[in-house]
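Colleague: sharing a model prediction with you, sequence too.
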2 protein chains.
Amino acid sequence: MMKTIDHKKAAMDILRAKALKVTPQRIALITEISNAGHISTDQIYKKMKNEFPSISAATIYKIIDIFLDKHILKEIRITAGKRRYELKKEPHAHYVCTICGQISDLYLSSEDLLRQIRSKGYSPAGCEIYFYGSCPNCCDK
Amino acid sequence: MMKTIDHKKAAMDILRAKALKVTPQRIALITEISNAGHISTDQIYKKMKNEFPSISAATIYKIIDIFLDKHILKEIRITAGKRRYELKKEPHAHYVCTICGQISDLYLSSEDLLRQIRSKGYSPAGCEIYFYGSCPNCCDK
DNA sequence: CTGACTGCAAACGTTTTGCACGGTA
DNA sequence: TACCGTGCAAAACGTTTGCAGTCAG
């Protein structure tokens, strides 16, 4: 119980910090993404349907757009078809298991890469790194 | 003129090497992607409309699917909305200029990254790296 | 000659838009 | 109360599919 309240409070804090209106739908969206990690729009829709049977997909897209603008969410592009989102946190790479489909966060140092690219005259503001392969779990089997 | 013939011949060689049927549409698609570098499906469609006014978008999607299967093309996911493709070549990173939109190929050594990720128990088969920022051209202005 | 490729049209899934209503600040 | 957020419906995209005619091998 306490946990649920904590999550709700955390979501409200995120919204207030960005001067956004606090609505149940927005709290729920943050909560779902926070729980699921890397979640696609239709997964979000299905999950939120449980709590808000009358919710519209349009609402979800609108909230996502606002959250992307305000840098609350980050879009991850592991597959061409489906967009996925995660709460913005420390920069990290993603490992996509091509067997079970699970996505893991990898905290790697990209200092070496940045050094290489700066020496070529580029000054990147952002970086996205995706790895593909079988994860330790799937390798064991 | 000689150049055009060379391009055409190169495209035919690619198709024959993969035991695919050689059609004018496929040759043109390879040529366009080869010329444009990183091109989106609708750009391909518009360009090919010039040469083949009656071409169907479905044909382009079908050819792209086959080429992806045969590893002639590589899909690049720099934006969520539009899919882009490039001819497959040496592994490399992409730099996307957030000002002019130009995409550059960067040949970097990712040995250091791979070492880090292997030490965590992962064995990636593939890797995609995207950088975002202003390119040297746009910085100068 | 035969199977594969193309073009067409329709279907499909996802995302966007406009409007009226309802809720937050 | 005033404005912003939501839900609904329709439209706009991008992509996929099935079919019939055509072409490359």
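Modeller: Yep, that arrived.
Colleague: low-confidence stretches in chain A?
Modeller: Along chain A, the model assigns pLDDT under 70 to residues A:1-5, A:80-81, A:140-141.
Colleague: is the longest helix seen in it positioned near DNA strand D?
Modeller: Criterion DSSP state H: the longest helix present in chain A is helix A:2-17. No: Helix A:2-17 lies out of reach of DNA strand D by Cβ under 7 Å from any atom of the strand, never closer than 9.2 Å. Bear in mind the C-beta positions are built from the backbone N, C-alpha and C, glycine included.
Colleague: what does that helix contact?
Modeller: Contacts with helix A:2-17, where a contact means Cβ atoms under 8 Å, 6 or more residues apart in numbering or on different chains, come from A:21, A:22, A:26, A:27, A:30, A:31, A:34, A:35, A:72.
Colleague: in these, find the pair that's most separated.
Modeller: The distance between the two most remote of the contacts of helix A:2-17 (Cβ to Cβ) is 22.3 Å, for A:21 and A:35.
Colleague: now, the contacts of helix A:2-17 that are in strands?
Modeller: Of the contacts of helix A:2-17, none are assigned to strands by DSSP state E.
Colleague: and what about the most centrally placed residue in chain A, helix, strand or coil?
Modeller: Among the residues of chain A, the one closest to the centroid is residue A:86, at 0.6 Å (Cα atoms, centre = their mean). Under DSSP: H, G, I helix; E, B strand; the rest coil, the three-state class of residue A:86 is strand.
Colleague: domains for chain A, by residue range?
Modeller: Taking automatic domain parsing as the criterion, chain A consists of the domains A:7-87, A:93-139.
Colleague: run the chain-centre distance for the first one.
Modeller: By that I understand domain A:7-87. Distance of domain A:7-87 from the chain centroid (Cα atoms, centre = their mean, to the nearest Å) equals 9 Å.
Colleague: and the nearest residue to residue A:43 once chain neighbours are set aside, how many neighbours?
Modeller: Leaving aside its sequence neighbours, residue A:43 sits nearest to residue A:36 (Cβ to Cβ, 6 or more residues apart in numbering or on different chains; 6.8 Å). When neighbours are counted by other Cβ atoms under 10 Å in any protein chain shown, residue A:36 registers 15.
Colleague: please apply the same query to residue A:99.
Modeller: With other Cβ under 10 Å as criterion, residue A:99 counts 12.
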